[in-house]
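Participant: Take this sequence and fold it.
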Amino acid sequence: MLKKGSKLYSILTGTCPKCQNESMYLDKNPLHFNKILKMHENCSHCGLRYQIEPSFFYGAMYVSYGLNVAIGIAAFIISFVFFDSNLKVAFVAIIASLILSFPFVLRWSRNIYINMFVSYDPENKLK
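Facilitator: Numbering: from 1, shown residues only. Just a heads-up that it's a prediction; the model follows:
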């Protein structure tokens with residue numbers, strides 16, 4: 001369904017946004033909390049430096065904020081509107097969904113942020 005070459009492919013798989021041949025992360029599993037943000041310095045296939053500038057991924061905090069707001073609103077709507085719960089239960093649903101989605105949002109926000117600046121180039125190879 002996801003085709004190599006799309007930004008969505010790179011965002012959801014965590015692959016290099018330029019060549020999409022290698023994972024940006026040392027450990028592909030986001031549930032290993034001690035390695036969740038450990039990244040390779042460069043892509044071994046195309047040579048892209050992931051840390052484009054010092055403190056580059058601080059901008060991913062804004063993306064993370066947007067993702068967390070969207071998840072919180074979705075949890076509220078599902079809990080309060082569809083399941084007809086009270087506000088306390090809806091609040092607990094929001095908190096639980098944010099805690100459970102935390103490791104994925106961390107990675108997705110970085111993936112989205114770097115994909116905002118780097119485009120796919122199938123011809124780019126390490127020289």
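Participant: Pull up the distance across stretch 113-123, start to finish.
Facilitator: Terminal residues of stretch 113-123 are spaced 23 Å apart (CA to CA, to the nearest Å).
Participant: lowest confidence element among the helices and strands of the protein?
Facilitator: Across the helices and strands of the chain, mean confidence by mean pLDDT, DSSP states H and E is lowest for helix 7-13: a mean of 91.
Participant: So what touches that helix?
Facilitator: Leu2, Lys3, Thr15, Cys16, Pro17, Gln20, Ser23, Trp108, Asn111, Ile112, Asn115, Tyr120 (CB atoms under 8 Å, 6 or more residues apart in numbering). Bear in mind the C-beta positions are built from the backbone N, C-alpha and C, glycine included.
Participant: tell me which element the spatially most central residue of the chain falls in.
Facilitator: Centroid-nearest residue in the chain, with CA atoms, centre = their mean: Trp108, separated by 0.6 Å. Using DSSP states H and E, Trp108 sits in helix 87-117.
Participant: any idea of the mean pLDDT for that helix?
Facilitator: Mean per-residue pLDDT for helix 87-117: 95.
Participant: So which bits of that helix are buried?
Facilitator: For helix 87-117, burial by neighbour count (16 or more other CB atoms under 10 Å) applies to 90-91, 93-94, 97-98, 101, 103, 105-115.
Participant: got it, and stretch 45-52?
Facilitator: Within stretch 45-52, the residues that count as buried by 16+ other CB under 10 Å are His45, Cys46, Leu48, Tyr50.
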